[in-house]
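[1] Build me a model from this:
(one chain, ligands or ions: 1)
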Amino acid sequence: MNTAENKGGGNAAGAVALELRDLYKSFGKTEIIRGASLAVRAGERVAIIGPNGAGKSTLFNLISGRFAPTSGQVLLHGQRIDGKAPFEINRMGLSRSFQITNIFPKLSVFENLRCGVLWSLGYRYAFWRFLSRLKDANERAEQLMEQIQLHRKRDTLAMNLTYAEQRALEIGITIAGGASVILLDEPTAGMSVSETARFIRLIKEVTEGRTLLTVEHDMGVVFGLADKIAVVVYGEVIAFDTPERVRANERVQEAYLGSVVAAQQAEGATC
Ligand SMILES: Nc1ncnc2c1ncn2[C@@H]1O[C@H](COP(=O)(O)OP(=O)(O)OP(=O)(O)O)[C@@H](O)[C@H]1O
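    Numbering: from 1, shown residues only. I've put the predicted structure just below:
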């Protein structure tokens, strides 16, 4: 079936999967993104960090097509995606996590995942195609359920899952179409410490071989998950490097990280 892993191709190790070139975004007269550039290689796991209001979510919105940039380019596997609609970008192999509110609460785990698969295959409008490929979609949904470790909850309605299970389901729906580039917005927000540790392992497993971008505030998650960290301050990427190098980067220490690490260590977070 054509939901094969890593839709969108171009995930050869080393190739640039996602690139931001001198990106600007203004809301009215206020410039929020100010010349952000970034090149993420295929298979890398990248955490975007930065102070509140730095523009992290706006960058995610520019990448996933919710906003068009004021100027600059976004490239997915070398192809321009800036200004395209979210569904077009999704078809090209980039998938952003659905929020829990987009899970169908009265459908079962299995049915939610199957909807995710069918949606990604574009079967919303073509019922005859929908029926002919339902078997493929069922198989893919079963496979996803194992991957996100919810197979024992196959027939449980989404609204009756725990919070962590709902977030796992959200990730299952996000990867249902086999996208090669995955965007997750604070995937462990609201979880307990033990749930967070389990969830980081789950995210690593299900995104293996894919390119992952997360927006993250929790430094424990950042250092547990990311191969590289992009630090956004005042709408610019001021550093993009391995966690060790970012931690040692003086500019980052000054602009952001020093105070956050100190605060989170004081709260007992591991880092
Ligand atoms: N649609 C919008 N219209 C006007 N201003 C916006 C819009 N979206 C974001 N902003 C502004 O852009 C700035 C950056 O917001 P953004 O949410 O991208 O920051 P962030 O780094 O994700 O912050 P946080 O860590 O607090 O979530 C904020 O000042 C915000 O008010």
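
[2] what's the following helix or strand after the helix or strand hosting Leu212?
    Per DSSP states H and E, Leu212 falls inside strand 211-215. Going down the chain from strand 211-215, the next helix or strand is helix 219-225, by DSSP H and E.

[3] Just the C-alpha atoms of the helix or strand just after that next one, please, in PDB.
    As assigned by DSSP H and E, the chain's next helix or strand after helix 219-225 is strand 228-233. Extracted in PDB, the C-alpha atoms of strand 228-233 (Å, rounded to 0.1, in the frame of the first residue of the first chain):
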ATOM      1  CA  LYS A 228      20.300  18.700  17.900                       C
ATOM      2  CA  ILE A 229      18.800  21.800  19.500                       C
ATOM      3  CA  ALA A 230      17.700  25.000  17.700                       C
ATOM      4  CA  VAL A 231      17.600  28.000  20.000                       C
ATOM      5  CA  VAL A 232      15.200  30.700  18.900                       C
ATOM      6  CA  VAL A 233      15.500  34.100  20.500                       C
END
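
[4] Contacts for strand 228-233, please.
    36, 38, 40, 44-51, 54-56, 59, 222, 237-243, 246, 249, 252, 255-257 (CB atoms under 8 Å, 6 or more residues apart in numbering). Yep, even glycine has a C-beta here, placed from its N, CA and C like the rest.

[5] buried residues in the following helix or strand past it?
    The first helix or strand that comes after strand 228-233 along the chain, using DSSP H and E, is strand 236-241. By 16 or more other CB atoms under 10 Å, the buried positions in strand 236-241 come out as 236-240.

[6] repeat for stretch 93-113
    93-98, 103, 108-113.

[7] Any chance of TSV for the residues you listed, columns secondary structure, distance to Val232 and pLDDT?
    Formatted as TSV, the buried residues of stretch 93-113 follow (DSSP: H, G, I helix; E, B strand; the rest coil; distance: CB to CB, whole Å; pLDDT from 0 to 100):
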residue	secondary structure	distance to Val232	pLDDT
Gly93	coil	24	93
Leu94	strand	19	95
Ser95	strand	21	93
Arg96	strand	17	92
Ser97	coil	19	86
Phe98	coil	23	60
Ile103	coil	28	88
Ser108	strand	38	96
Val109	helix	35	96
Phe110	helix	38	95
Glu111	helix	37	92
Asn112	helix	32	93
Leu113	helix	33	93
